[in-house]
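Engineer: Predicted model, plus sequence, below.
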Amino acid sequence: MKVNVVVAGTSSPGGIKTVIESFEKYGFYKCCNYMFLCTHMDRRGMSNFFLYFRQLIKFIFKLFSGVDIIHVHCSMRGSFYRKSILVLLSKLFKVKIIFHLHGSEFKDFYNNSNVFFKKYISFIFNQCSVVFVLSESWMDFVSGFSNANIVILNNSVDTVIEYTNTEIIDKSILNYNKLLFLGALGKRKGIFDLLDVCWKLNENGYIYTLLIGGNGDIDAVNKYICMHELNNVKFIGWVDSEKKKDLLFNSGQLLLPSYNEGLPMVILEAMSYGCNVVSTTVGGIPEVIVNGINGYLIEPGDKKDLYNIIKKNLDSFDPKICVNAINTQQSCYSTDLYFKRLDKIYISLDKRFHK
């Protein structure tokens, strides 16, 4: 008899959707009775409420027909509260619960909650069979309020291209001044810090291009570009998976000066293409990027340091960083390693899994 697995998460563009799609692309659930429960989409107003209500009813009917494992992908705020109801219902029906925490701002969400909601968050985590976090720093944080079985499950990406070291060096030198930002447009991802730095680079005569892909505060980004006459900076809209591959292949540096993160998929994707990643010391990023070895790290909000690193890369690009980036991704963050580990965890919850 096959295992009945429900996966709950968002269909909105972003890291969580990318992770869920990677499960489906890899065929991880092909031996199960699998159902995806879409609890959120990229919509406004009450439409998401009605979507969630419909999906909740659908899930309740599914519980009565039989669910063995539910895997909830969660971030913070509304995402947490939506998933918490699924957790409570699953516990009532004695379903094995995997709580997959992606939330970049979950620390702020928890720390800013009142005593009652902190206890509620702790209670929900403690109902789960296993809690996945993205890094050691996130494990330390969650273990501070929960006694759940917490497991580090780093994000992973496909090893897309088998480069020789010479090919990596040639590619990186060719694209050294082609800069790329991919992510939600707003303060959290540091896009306005990056634009401030670009303005300064332009004033000092540096030659480069920056492409910005994402959603969020589009009007503010375009207004800044226009007001400061950043003619070498272009907003290109939301980027689908095929366009992303093309951009990463033809970029030398990925810039992500975030204030809060879990473990961004785009950093691992950029490393797999041999990009020089410049990011910040938040979330699980410092456990992947070793400053000056396979990328560069700054403190969030340190625009002076961000400027100096980009300037350094434009003045004297070091292709060895790109070689080390690909080697790191292939040896530690490949999908094969990821799903082998995940398979063992699922089997520990239900021995029928993948049999």
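Structural biologist: Ah, there it is.

Engineer: which one's the longest helix in the chain?
Structural biologist: Longest helix in the chain by number of residues, with DSSP state H as the criterion: helix 47-65.

Engineer: What average pLDDT does that one get?
Structural biologist: Averaged across helix 47-65, the pLDDT comes to 91.

Engineer: buried ones in it?
Structural biologist: For helix 47-65, the neighbour count (16 or more other C-beta atoms under 10 Å) marks 48, 51-52, 55, 59, 62-63 as buried. (Glycine included, C-beta is placed from N, CA and C.)

Engineer: again with stretch 16-31
Structural biologist: 16-20, 22-23, 26, 28-29.

Engineer: got it, and stretch 73-89?
Structural biologist: Buried-residue list, stretch 73-89, by 16+ other C-beta under 10 Å: 73-76, 79-80, 82-84, 86-87, 89.

Engineer: Closest to residue 310 out of those residues?
Structural biologist: Set against residue 310, the nearest of the buried residues of stretch 73-89 by C-beta to C-beta is residue 75 (29.3 Å).

Engineer: tell me the contacts of that closest one?
Structural biologist: 16, 101-106 (C-beta atoms under 8 Å, 6 or more residues apart in numbering).

Engineer: Do I have it right that residue 29 meets residue 4?
Structural biologist: No - using C-beta atoms under 8 Å, residue 29 makes no contact with residue 4, being 10.6 Å away.

Engineer: helices or strands next to the longest helix of the chain in the packing?
Structural biologist: When contacts are defined as 3 or more C-beta pairs under 8 Å, 6 or more residues apart in numbering; DSSP states H and E, helix 47-65 packs onto strand 4-10, strand 33-40, helix 78-92.

Engineer: And for it, what's in contact with it?
Structural biologist: 4, 6, 8, 35, 37-41, 43, 82, 85-86, 89-90, 93, 95.

Engineer: Also stretch 189-207?
Structural biologist: 177, 181, 183, 185, 208, 210, 212, 214, 216-217, 220-221, 224-225, 228, 230, 232-233, 255-259, 280, 300-301, 303, 306-307, 310-311, 314.

Engineer: just the buried members of these?
Structural biologist: Here, 16+ other C-beta under 10 Å leaves 177, 181, 183, 185, 208, 210, 212, 214, 216-217, 221, 224-225, 230, 232-233, 255-259, 280, 300, 303, 306-307, 310, 314 buried among those.

Engineer: In strands, which of the residues you listed fall?
Structural biologist: Among the buried ones among the contacts of stretch 189-207, the residues falling in strands (DSSP state E) are 181, 210, 212, 233, 255-256, 280.

Engineer: how about the helices in the stretch 51-200 of the chain?
Structural biologist: 78-92, 106-111, 115-126, 136-142, 165-174, 191-203 (DSSP state H, counting those that start in this stretch).

Engineer: Out of the ones you listed, flag the one nearest residue 340.
Structural biologist: helix 136-142 (20.3 Å).

Engineer: As CSV, could you dump the C-alpha coordinates of that closest one?
Structural biologist: C-alpha atoms of helix 136-142 as CSV (Å, rounded to 0.1, in the frame of the first residue of the first chain):
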residue,chain,number,x,y,z
GLU,A,136,23.0,25.6,12.4
SER,A,137,22.1,29.2,13.3
TRP,A,138,18.4,28.5,12.7
MET,A,139,18.7,25.2,14.7
ASP,A,140,20.1,27.2,17.7
PHE,A,141,17.3,29.7,17.4
VAL,A,142,14.4,27.2,17.2
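
Engineer: just the buried members of the contacts of helix 47-65?
Structural biologist: 4, 6, 8, 35, 37-40, 82, 86, 89-90, 95.

Engineer: Residue 4 reaches residue 67, doesn't it?
Structural biologist: Yes - between residue 4 and residue 67 there is a contact at 5.1 Å, judged by C-beta under 8 Å.

Engineer: now the angle from the longest helix of the chain to strand 33-40?
Structural biologist: Interaxial angle, helix 47-65 versus strand 33-40 (axes from the mean of the first three to the mean of the last three C-alpha atoms, to 10 degrees): 150 degrees.

Engineer: what distance separates helix 47-65 from the centre of its chain?
Structural biologist: 26 Å (C-alpha atoms, centre = their mean, to the nearest Å).

Engineer: cool, stretch 206-214 as well?
Structural biologist: The answer for stretch 206-214 is 21 Å, by C-alpha atoms, centre = their mean.

Engineer: cool, stretch 235-242 as well?
Structural biologist: 16 Å.

Engineer: Pull the residues that contact that stretch.
Structural biologist: 13, 182, 211-215, 218, 221-222, 225, 247.

Engineer: Point to the helix or strand of this structure where mean pLDDT is at its lowest.
Structural biologist: helix 165-174 (a mean of 77; mean pLDDT, DSSP states H and E).
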